[in-house]
Each structure stands twice: as C-alpha cells, then as structure tokens.
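Student: build the 3D model from these lines:
(2 chains)
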Amino acid sequence: MTITSGWRNKFIYPLCALLPLLLAAGCSGPAEQAKSVTGEAADIAVLQQQLQDLQARAEQVKDANAIKKLQRAYGYYIEKGLWDEVVALFADNATLELARDGVYSGKDRIREYFYALGEGKQGLREGRLNEQLQVMPVVTLGADGKTAKARWRNILLVGELGKHAELGEGPFENEYVKDNGIWKFSKVKWQQAILVSYAGGWAKNEDYNKGIWVSDKLPPDAPPTDDHGWWPQTYLPPFHFPNPVATYVPPAANSPTAVKGDK
Amino acid sequence: MKHNSLMKNTRRVALLASCISALVLAADAPKSLQELALQVAQLQAEVVNLEAENEIENLQGIFGFYYDKNEWQQAADVFTDDATFEWGGSGVYVGKARILAYLKTLGAQGPQEGLLNEQMQLQPIVSVAADGQSAKARWHLFSQEAVHGVNQFWGTGVYENEYRYENGVWKISKLKLYSTMKTPYQDGWGVTALPRSKPSTTLPPDQPPSTDYKNYPSVFVAPFHYSNPATSESTHAQPASDAGSKLTSMATVTEELASLEKRIGLLQDADAVERLHTIYGYYLAHNKWDELAGIFTNDGTIEIALRGVYKGRDSVRRNLDLYGVQDELKGTLHNHMQYQPVIHVAADGQSALMRSRAFSLMGNYGGTGRFMGGTYENLFVKREGVWQLHIDHQLNTYFASYDVGWKDLQWIAAPGISQTNPPDGPPTMQFEMYPRPFLPPYHYKNPVTGK
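Tutor: Down below sits the predicted model:
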C-alpha cells in the first residue's frame, strides 16, 4: 500500500481547497487552518475530514481485496476453461501476454487467444488437467485510486491422462484498472519460468513447450516484450515495487565476502 | 533507498492521495451531525466486513495447520455445533461431535511418526454477507501426502465453505471439499488418476455425498458461490439497524471515529505484513540478498534449518550467503513459495506474529531437483511507520529429492550449524523433520476455544 497506516494528518483537508497550488508546490507547505467556522459546525467539519480520510483508507483495503479476488477468480475460471468468464475480467483495451506467445491487444484478441488455447471450445476437455494456482500476491495501488499493479505466482499442474503431465510455475506482473467502481485487468503478463515434464522434473527436462502455447497457430499483435528464452535459461522479471523497507548496504570497511553455499 | 527518503516519499504520495480523495468525496460531505452519523455507521459496517474477511482467512489457515498434524480436537473446535463436513466422497457428517468422530477415523491424534499430510489452503475468495453475520469462501487445496514406506500422493481440490459469526467469533458452519485430482507421486497425473474417495464403512456418514461428480480425468466445475467479479457489484456492508441510534452526540461520533481509525490502521497493518512476507519470498527465490537483508530490522534475526541465530542486518546478510551467490541463478531453480499466512497484529499496531507455510522447488538443470516443505513462525515490527521483519524463523518439515519423493525419504537432520559461516547464537529451539513427528509451536490459541 502506498499509505503507511501509522501516519496521521490533521492538516490535509484545509489544504485541499488550494489543491492546484499545492500540487505545484509538491503538497509540502504548512497548513493554513480555516478560521471562518465556529462552534458545532467547526467540530463537525473536523470530524468530517477525519471520516473522509478513514473512508479513503478503508477504500484502499477494499481495492487491494478486490484485486486479489479478481486474480483468484481468473485462476478458478482458467483451470476449467471457462474462457467467457476469463475474458470478462479484462478491460476493453487490455493486453495479454502469456509465456512467449507475444502480446494480444484488446478484448476481442484476448478472447481469440483463450479460445485458441481451448481449441475453439469453452470448457476444459474430459481427460485434461489444468490446475493453475494463483498465490503470493503483492498488490501496489496507484496514488490515483484507479490503477494498481500486482505480482503473483502461478503454479501449474497440467496434462492429459495417458498422454502427458507437466509441472510449472512463474510470476505474473499484472496491471489493473478501476472501471466504474469495478476492478479489471488492464495488462496480464506472465513469465513461464518452468513448464517441465513431470517425469524427471526441472533437473532432467528443458521447458515442455518453450513457452509457445498458441502463437504458432494464432500470431500475436506484437512480439514478446522481453524474451529471455526458456528453462533452463533463467530470468528475473523486474519487480514493479521498490523494496518496502530499504536495500541493505554493507559496512564499507567490512564488506561481507560471499561464502559458497553449503545447503 | 534510504529510510528517511522512503518515509518522505511515502508521505508525499499519501498527502496527494488524501487531497484527491477528499476532493472526490467532498460532494457527499455530511452537513449535519445526523448525516455524519449515518456515514460513520456505514463505514463501521464496512470495517466489520473487512475484519471478517481477514478473520475467516486466518480461520481456514488455522484449520489447515491443525488438520496437517492430526490435531483433531483443535480442528473440530473451529466448527459451529450444527456444522456439516464433507471431504471429497466422504459423505456428509452433521454436527461438531460427528465431525470430530470422523476426523478421528483418519488417524491417531497428533503428529505421527512417518506421516506427511501437507494440506495447503490457497487462493481464498471470501464473500461476507451484507449484515456481517455469515460468509462463504472458495479455496484451493493443494496437498502432499505420504505414509512412510507405504504410499505418497499429490492432490488438488476446491472448497466451497460457509462461515458464521457466533458470540463474537467466526466459525466454519459448512466445509465442503470438491476433490479434483489425486495421483501417486511416482506416477503423476499423466499416468494415474485416482477416483474420488468413498464413504467410510467404519463410520458411515449421516448423509450420502451431496453432489454427484467424478475426479479428474472427468471435468467438474465446483459451483461458484459468487458471480463474476468484473460483471457484478460487490456486496455492500449494511449497518446494523440500531447503529445510527448510538451515534447521536458529538462525543459518541468522535469516539467511534477514533475507534475506526485504529481498526482501519490494523487492517492496513495486516495487509502490509502479508505483503512484506510475500516480497520476502520473491527476493529469496532470486537470491536478491541485499534486498532481502534490507527488509529486516537493524537488530533482526534469521534462523533457518537449525543453522542457528544470525542477529542484526549484517549477520542476516552473511547468513544468506549460505544459500547461494547473490543474483546468480543460471540454470538454477530456487523458488521459495510463501502460503497460508495466519497473521495476528497486536492491538497497538506495532508488532505482528505470523505463521505461514513454505513450499520450495529447488535444484538445477542437469543436476538434481528437490522439494522443501516448512513452517514459518515470524515476528514483524513497525518502526518509524514502516513494517519490517524482526524474527524470521523457519522450521523445515522435509527436504525431499525429486527422484525419491516422501515415501522412501530417509530421515536426515536439518543442515545445522555452518563451520565456515557460523551463527551468532545457537538455535532457539530444536525441531525434527519428517518422517519423525513434530508440531511447530503455534503463536496463537484456538480462535474459538482459546485453548
């Protein structure tokens, strides 16, 4: 969250009347208390400001929860091939980029993508497994209250009985937009860190499909935005968030020397 | 980023956000005490429901940790007296006493030698009713089960559960697990798919299975308790009918706002702690040692796998060198996933205890792969308004090679003290890894019984 919870501000709301000026000044000047109101009206005005501050903070908690629900709902729909439900989670001008398939822009193309994934059919086919667990959310709300970003990890147990089985995982770095009070995806981007045959796992197999799911049949609107190959090649997709505390800086005279891992 | 500049930037963003939200909200600003009281009552109802979401997530996580370790009495105690329980094809057990009786058929009470029963409670979608008195939730189950020397399985499923607020506490009123997939570890789901479980013959259920479905390879969609979140408005919390009548004076409204300020602060604290611990997992997964050491307090400690206690940020950073070279992950998988947080923020909002689960995929291409399971019991503290990790304590459940899995995993001790990069102090407690039994101590009491 962008607002630290321990923080109190008694001076914000009088400042808001001067918002344009304050924006120019970086909102950092001292406050001029309103003086014209007196008695109960003044007391109500003070409480009103406190209420509005609290409403805004509660809204942030609700926003983060709504974004988590959206991503988790995506997982529950996608694992059963409920493509129409999945597509409804996207904003009209959203983009979708899964694994190394490239970028699909807009809801229509996103629908085409998912239907290609389902071989033209809504609903998972009998005999198939498509578990995709959505875990480890790091939600960061924009200061505008209308946008957000989140990192997630997707765990995959996929395959078809009697034919093949793969184990996979990788991080999402997604973006969200609040559209008429409802959060939707504006950008879904997932890196396929590994998708490997269950027999032997990641020690014995290269990536199962090299990150290509449907783009060989349904070309994307744009190539992958950062293509770093496939397992065993490794890549760290950048974090959208800064370190929430601080990056460690070693004492200059006493720099720690790397000890070879003994685990 | 240094602490001071971080705080300054955070404040600036916060100030700006507050200015904007105040402008947006100005149109609805209350003019009279009555109007103000109505809005305060509305906010109060919303806060009640947000707290409920957190408590229900904690509750399900707590149930999961009890279930893992055959803590049957504790697990049964989080249900309402009239609750129903249905696990895969078990049929329905009605009432707390019957639930306990059923759970006892699953094995002897408490952690058992040679038993692994990791039942991960993931991906919650909690929907609290408008009146804040009941709730429903969908969860994902992902399990690793083994009886040493006998068998071992992967499993998945989806819960659609119900909860009720009784005497000031949330309880599970209905637990229903739709099993999806179960397969022996040595085969995997491409080779073998086990059918849904059958009702017990030793303790037949009170009712037959309530839904007719088959496990994978059939496809069954467990009914959703919610409609698509992008095409429907979320439920709005409704204030209790007498909420407004308690807010008739400046004094009561002032008091209520002060209380709400505290409660909203605690909600934000819980979010911040969960977020920080999740970031810990991402940094750990990519050997981002300077970033990881930086989220500890300057006197924080790390204690992993009986390696002892490394105290202070410099020592924490030194400890991380034991797990590999900073930023170097060529052909190596070091994925340390963090799940199922049970977070209790102290009433003063300055510290928080967390139990959570670790599940790791490790190893390198051309070498060996392995899994790790474990439990964290951590302490977070807030300093200068920023949440930081103060005690990081991991109790490993197992390290298992990919090729062997859990069934024939030979007992080994946890890695223990490094001679070349020793800790500042010995382990604060000893623990045992599977197949030996061990119950990592809980930082909390049973939320229903207080035991």
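Student: just the closest residue of the stretch 51-200 of chain A to chain B, please.
Tutor: Nearest to chain B, among the residues of the stretch 51-200 of chain A, is residue A:165, at 2.9 Å (CB to the nearest CB). For the C-beta atoms, the positions are set from N, CA and C on the backbone; glycine is no exception.
Student: tally of neighbours for that residue?
Tutor: Applying other CB atoms under 10 Å in any protein chain shown, we find 22 residues neighbouring residue A:165.
Student: wait, residue B:407 touches residue B:145, no?
Tutor: No. Residue B:407 is not in contact with residue B:145 according to CB atoms under 8 Å; the separation is 10.1 Å.
Student: residue A:106: what's it in contact with?
Tutor: A:92-95 (CB atoms under 8 Å, 6 or more residues apart in numbering or on different chains).
Student: which among those residues end up buried?
Tutor: Buried by 16 or more other CB atoms under 10 Å in any protein chain shown: A:94-95, out of those.
Student: that older thread, in the sheet, who's paired with the residue of the stretch 51-200 of chain A closest to chain B?
Tutor: Counting by DSSP bridges, residue A:165 is bridged to residue A:159.
Student: how about the strands in the stretch 51-200 of chain A?
Tutor: Secondary structure of the stretch 51-200 of chain A, counting by DSSP state E, counting those that start in this stretch: strands at A:90-98, A:104-105, A:128-141, A:147-160, A:164-179, A:182-190, A:194-197.
Student: up against chain A, what does the stretch 301-450 of chain B have?
Tutor: Along the stretch 301-450 of chain B, the residues adjacent to chain A under the rule CB under 8 Å from any CB of the partner chain are B:305, B:313-314, B:317-318, B:321-326, B:329-333, B:335, B:337-339, B:349, B:361, B:363-369, B:382, B:385-388, B:402, B:415, B:418, B:420-421.
Student: the residue located most distally from the centre of chain A and residue B:250, how far apart?
Tutor: Most distant from the centre of chain A: residue A:39, at 47.5 Å, with distances by CA atoms, centre = their mean. According to CB to CB, to the nearest Å, residue A:39 stands 11 Å off from residue B:250.
Student: cool, residue A:220 as well?
Tutor: For residue A:220, the distance to residue B:250 - CB to CB - is 61 Å.
Student: per-residue pLDDT, the residue nearest to residue A:246 when sequence neighbours are not counted?
Tutor: Across the structure, with CB to CB, 6 or more residues apart in numbering or on different chains as the measure, the residue nearest residue A:246 apart from its sequence neighbours is residue B:294 (4.8 Å). Note on residue B:294: pLDDT of 98.
Student: SS state for whichever residue of the stretch 51-200 of chain B sits closest to chain A?
Tutor: Nearest residue of the stretch 51-200 of chain B to chain A, counting by CB to the nearest CB: residue B:190, 2.9 Å away. Classification of residue B:190 by DSSP: H, G, I helix; E, B strand; the rest coil places it in coil.
Student: got a list of what the closest residue in space to it that isn't next to it in sequence touches?
Tutor: Once flanking residues are discounted, residue B:190 sits nearest to residue A:165: 2.9 Å by CB to CB, 6+ apart. Counting by CB under 8 Å, 6+ apart, residue A:165 makes contact with A:129, A:157-159, A:197-199, B:188-191.
Student: just give me the closest of the residues you listed to residue B:78.
Tutor: Closest approach to residue B:78 among those (CB to CB): residue A:157, at 28.3 Å.
Student: please name the nearest non-neighbouring residue to that closest one.
Tutor: Spatial nearest neighbour of residue A:157, excluding adjacent residues (CB to CB, 6+ apart): residue A:131 at 4.2 Å.
Student: again, but for residue A:110
Tutor: Using CB to CB, 6+ apart and skipping the chain neighbours, the partner closest in space to residue A:110 is residue A:96 (4.7 Å).
Student: could you pick out which of the residues of the stretch 301-450 of chain B next to chain A are located in strands?
Tutor: Secondary structure from DSSP state E places B:332-333, B:335, B:337-339, B:361, B:363-364, B:369, B:382, B:386-388 of these in strands.
Student: can you tell me which of those residues has the most neighbours?
Tutor: Going by other CB under 10 Å, residue B:387 tops those with 29 neighbours.
Student: tell me the bridge partners for it.
Tutor: Under the criterion used (DSSP bridges), residue B:387 bridges to residue B:382.
Student: in contact with it, which residues?
Tutor: For residue B:387, the contacting residues are A:244-245, B:269, B:272-273, B:276, B:352, B:380-381, by CB under 8 Å, 6+ apart.
Student: please tell me how far it sits from residue B:364.
Tutor: 34 Å.
Student: how about residue B:206: what's its closest non-neighbour residue?
Tutor: The shortest distance from residue B:206 to any non-neighbouring residue, by CB to CB, 6+ apart, is to residue B:94 (4.4 Å).
Student: list the contacts of that neighbour.
Tutor: Counting by CB under 8 Å, 6+ apart, residue B:94 has contacts B:82-84, B:206-207.
Student: try it again with 7 Å
Tutor: B:84, B:206-207 (CB atoms under 7 Å, 6 or more residues apart in numbering or on different chains).
Student: count of neighbours near residue 68?
Tutor: Since no chain was named, I'll use chain A. Applying other CB under 10 Å, we find 22 residues neighbouring residue A:68.
Student: nope, chain B please
Tutor: Residue B:68: 26 neighbours (other CB under 10 Å).
Student: give me the phi and psi for the closest residue to it other than its chain neighbours.
Tutor: Spatial nearest neighbour of residue B:68, chain neighbours left out: residue B:117 (5.3 Å); criterion: CB to CB, 6+ apart. Here the main-chain torsion angles of residue B:117 (degrees, to the nearest 10) amount to phi -150, psi 60.
Student: what residues are bridge-paired with residue B:117?
Tutor: Beta-bridge partners of residue B:117, counted by DSSP bridges, are residue B:145.
Student: just checking, it touches residue B:71?
Tutor: No. If you go by CB atoms under 7 Å, residue B:117 and residue B:71 don't touch, sitting 10.8 Å apart.
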